[in-house]
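**Q** fold the following.
(2 chains)
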Amino acid sequence: MRDGRLWGGAGFLALLAGAALAAPWLGLRDPRAQLDGLVLQARPPLTRVDAIRLRDGTLRYADALAPQRPGGGVRYRRGERWFEIPPEALAARWHERHLFLLGTDAFGRDLASRLIYGARVSLAVGLLATALAVLLGGFVGLVAGTLGGFVDGALMRFVDLLLAVPRLFLLLLLVSLYRPSLWTTVLVLGATGWMAPARLVRAQVLALRERDFVQAARAGGAPLARIALRHLLPGALVPLAAEATLRVGHTMLLEASLSFLGLGVPPPTPSWGAMIAEGRDRLFDAWWIATLPGLAIAATVVALSLAGDALTERLEPAAP
Amino acid sequence: MIRYACGRLLSAVPVLVAVATLGFAIVEFAPGDAVEAWLGERAVPPEVRASLERAYGLHQPPWQRYASWLASLARGELGWSFSRSRPVREVLAGALPATLWLAGAAMLIHLASGIAAGLIGARFRRRWPDHLIQALVLTLYGMPVFWLGLMATLALAYRIPLFPPSSMFSVGMREAALLPRLADLLWHVTLPAAVLGLASTAATARLLRGGLLQVLGEEFLRAARARGAGPLRLWLVHALRHASIPVVHLLGMSLPVLVSGSLVVEVVFAWPGMGRLAYEALLARDTPLVLAATVLSAILVVVGNLLADVATAGLDPRVRVRRR
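**A** The predicted model follows:
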């Protein structure tokens, strides 16, 4: 059971990360291209659309095709109007049927490829911001725990202070400092997420500091920095890693909130939170636009939690 | 007990001053100001801009504005909202009850669902009800709260129109008599509060389940059973009371999450509360309003933590005795 959770979560994440990394080579449609704002506007999942291949290689999507006339030209309908393509402009095998597995959004963009390209953004932000938060928090916690005294007190009061402000308020305040971009989002999420890791590392360090091997190193005259890095930090790394796994999901949820409020990674770059925001206007007549990216987020966060929990339990076998 | 609460309240004052300072510094460092946000791309003569800046007090140096802002904050004056052209205090006073209603109702739903999930999890440990509840609670945690709100609107306000999709009152109900107005409010608050409360059940349920499992082997439970306490009393009174001590602490700690979550839920449900106000004020670069909303949200968190500590003292006789 325990292993099932670990491998199930890790397997899903590996699959998702693989697809996200390999996205440019998977033969997906361009996630930013508004393929046809009329024919492909807000099509439901599993839609098949008639398409006409032209001699120059371009595609025309059609709501309907008229039977081919003896002259060889093709009449097709876009919305209310009929258009005609002369026979000399047609490719040899001009008629194609295109499948849109997950449908299209309000601008006629392919949702399946937007979801996979969106995974790149959401995963990258989640991982990078968490890494930043863990590094920052680990450093602060290590310094506070090792030095103790006034430094410890001051740093921890600062942590308490930041934790008293609801994080989304803090995030919104900080985001307004800079122009929204991928790196702004990463920096801001990292800068507001280091407090919990700092507390964790400090607590570990405080517990380790009184142990014999640390006392011995100190009595032997080892410099403080060496004690911190060689003796205290390694003991805090394992719980920190488990905590970090759990925090990636939390960070991804926050990134989604920021993007939903229009303050995350700016359009047209697809990110899951922004996709939900775009689907909000069409919620009642095109539910899939907002629903699918939300499902993707939920599945990813659940997978991260399962893997993180299983990891924590493995490291602390006594957990209930 | 009261002395303890008063002491905690006093110790919150420096925290709030520091929050105010931090907020002011962040907004001060941000490029652009209210005049720019208001003018946008329009070209205006410099003297017009200067007079606007003077009207908003932006011609003073930052430290002077900071000092006067802090001083007026201490007097309870929060300044003038540029974007609403009304005193900040009035704007916030209008929005605070809405947020308190939403957060309070969400907290109730959160507690009820968390306790139910924790009890079921501990009672049926490692059997299918436990697994089912854990899976459900984890899935709810994984969903972005605003998306859950959209899905709830789609399902329960549009497809099956049980609840209103947005806002706090039906048209005309704001002026109605007390009872119908209250009923209308409860009808409107149910969906957003359920979304906000259920999204964060996971942590509470997990902590309670763990706590209950730990308590079950304790001597005092066996003693209670020996005195003839029935299973219902055993679980709901003895075990739950003991296991809820860390949960109450967690509730206090999770208040910032609730207030953050209420921001997006308010945006989704067009709920006229503080979160939506702060968000709109931020977009309009309405500094006094943003700052006041941030400080007020911090006050909510600090007061919530205080209440949680007092409740812990009430639940756990050991804390009371130690602090006396």
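
**Q** get me the contact residues on the stretch 1-150 of chain B for chain A.
**A** B:15, B:18-19, B:22-23, B:26-27, B:29-31, B:138-139, B:141-148, B:150 (C-beta under 8 Å from any C-beta of the partner chain). Every C-beta, even on glycine, is put in place using the N, C-alpha and C of the backbone.

**Q** list only buried entries from the residues you listed.
**A** Buried members of these, scored by 16 or more other C-beta atoms under 10 Å in any protein chain shown, are B:15, B:18-19, B:22-23, B:26-27, B:30, B:138, B:141-148, B:150.

**Q** list the residues that contact residue A:30.
**A** Contact partners of residue A:30, counting by C-beta atoms under 8 Å, 6 or more residues apart in numbering or on different chains, are A:110, A:113.

**Q** separation between it and residue A:115?
**A** Going from residue A:30 to residue A:115 by C-beta to C-beta, to the nearest Å gives 14 Å.

**Q** do the same with residue A:236
**A** From residue A:236 to residue A:115 the distance is 37 Å (C-beta to C-beta).

**Q** do residue B:109 as well
**A** Taken as C-beta to C-beta, the span from residue B:109 to residue A:115 is 31 Å.

**Q** also residue B:162?
**A** For residue B:162, the distance to residue A:115 - C-beta to C-beta - is 31 Å.

**Q** go on, residue B:8?
**A** Where residue A:115 is concerned, residue B:8 sits at a distance of 48 Å (C-beta to C-beta).

**Q** and residue 80, how many neighbours?
**A** Because you didn't say which chain, this covers chain A. Around residue A:80 there are 7 other residues, counting by other C-beta atoms under 10 Å in any protein chain shown.

**Q** the intended chain is chain B.
**A** 18.

**Q** quick one: it and residue B:87 touch, right?
**A** Yes: Residue B:80 lies in contact with residue B:87 (C-beta atoms under 8 Å); the separation is 6.0 Å.

**Q** the helices in the stretch 201-320 of chain A, which residues?
**A** A:212-219, A:224-226, A:233-260, A:272-280, A:288-315 (DSSP state H, counting those that start in this stretch).

**Q** how about the stretch 1-150 of chain A?
**A** Going by DSSP H, counting those that start in this stretch, the stretch 1-150 of chain A shows helices at A:2-21, A:111-147, A:149-164.

**Q** format those as CSV; extra columns: mean pLDDT, distance to chain B and mean neighbour count.
**A** Formatted as CSV, those follow (pLDDT from 0 to 100; distance: least, C-beta to the nearest C-beta, whole Å; neighbours: other C-beta atoms under 10 Å in any protein chain shown):
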stretch, mean pLDDT, distance to chain B, mean neighbour count
helix A:2-21, 86, 10, 15
helix A:111-147, 92, 11, 22
helix A:149-164, 86, 5, 15
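
**Q** mind putting those helices in CSV, distance to residue B:60 included?
**A** Formatted as CSV, these follow (distance: least, C-beta to C-beta, whole Å):
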stretch, distance to residue B:60
helix A:2-21, 50
helix A:111-147, 35
helix A:149-164, 27
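
**Q** quick one: closest of those helices to residue A:181.
**A** Closest approach to residue A:181 among the helices of the stretch 1-150 of chain A (C-beta to C-beta): helix A:111-147, 10.9 Å.

**Q** look up how far residue B:229 lies from the residue of the stretch 201-324 of chain B found nearest chain A.
**A** Scanning the stretch 201-324 of chain B for proximity to chain A using C-beta to the nearest C-beta identifies residue B:260 as nearest, at 3.6 Å. Distance, residue B:260 to residue B:229, by C-beta to C-beta: 41 Å.

**Q** ok, these two, which is more surrounded?
**A** More crowded of residue B:260 and residue B:229, by other C-beta under 10 Å: residue B:260, with 23 against 15.

**Q** which ones are touching the residue lying closest to that one once chain neighbours are set aside?
**A** Distances taken as C-beta to C-beta, 6 or more residues apart in numbering or on different chains put residue A:168 closest to residue B:260, at 3.6 Å, once the chain neighbours are dropped. By C-beta under 8 Å, 6+ apart, the residues touching residue A:168 are A:254, A:257, B:259, B:260, B:261, B:263, B:264, B:275.

**Q** ok so the fourth one is a strand residue?
**A** This means residue B:260. No: counting by DSSP: H, G, I helix; E, B strand; the rest coil, residue B:260 is not part of a strand but helix.

**Q** quick check: the residue of the stretch 201-324 of chain B closest to chain A vs residue B:162, distance?
**A** 27 Å.

**Q** which parts of the stretch 151-300 of chain A sit against chain B?
**A** Residues of the stretch 151-300 of chain A lying close to chain B by C-beta under 8 Å from any C-beta are A:160-170, A:172-174, A:176-177, A:249, A:253, A:256-257, A:260-261, A:273, A:276, A:279-280, A:283-284, A:287, A:290-291, A:293-294, A:297-300.

**Q** what's the local residue count around residue B:95?
**A** Neighbour number of residue B:95 under other C-beta under 10 Å is 22.

**Q** residues in contact with it?
**A** B:272, B:273, B:274, B:276, B:277.

**Q** quick one: contacts for the third one?
**A** The reference is to residue B:274. Here residue B:274 is in contact with B:92, B:95, B:96, B:98, B:99, B:262, B:266, B:293, B:296, B:297 (criterion: C-beta under 8 Å, 6+ apart).

**Q** surely the first one meets residue B:277?
**A** Yes: here residue B:92 reaches residue B:277: they are 7.3 Å apart, a contact under C-beta under 8 Å.

**Q** so which of the buried ones among the residues of the stretch 1-150 of chain B next to chain A belong to helices?
**A** B:15, B:18-19, B:22-23, B:26-27, B:138, B:141-142, B:145-148, B:150 (DSSP state H).

**Q** and the least confident of these?
**A** Ranked by pLDDT, those bottom out at residue B:27 (73).

**Q** quick check, that one in contact with residue B:291.
**A** Yes: in this structure, residue B:27 is within contact of residue B:291 by C-beta under 8 Å, at 6.3 Å.

**Q** ok, the closest residue to chain B within the stretch 101-250 of chain A to residue A:254 distance?
**A** Of all residues in the stretch 101-250 of chain A, residue A:168 sits closest to chain B, at 3.6 Å by C-beta to the nearest C-beta. Distance of residue A:168 to residue A:254, given as C-beta to C-beta: 7 Å.

**Q** buried sites along stretch B:84-100?
**A** B:84, B:88, B:91, B:92, B:95, B:96, B:98, B:99.
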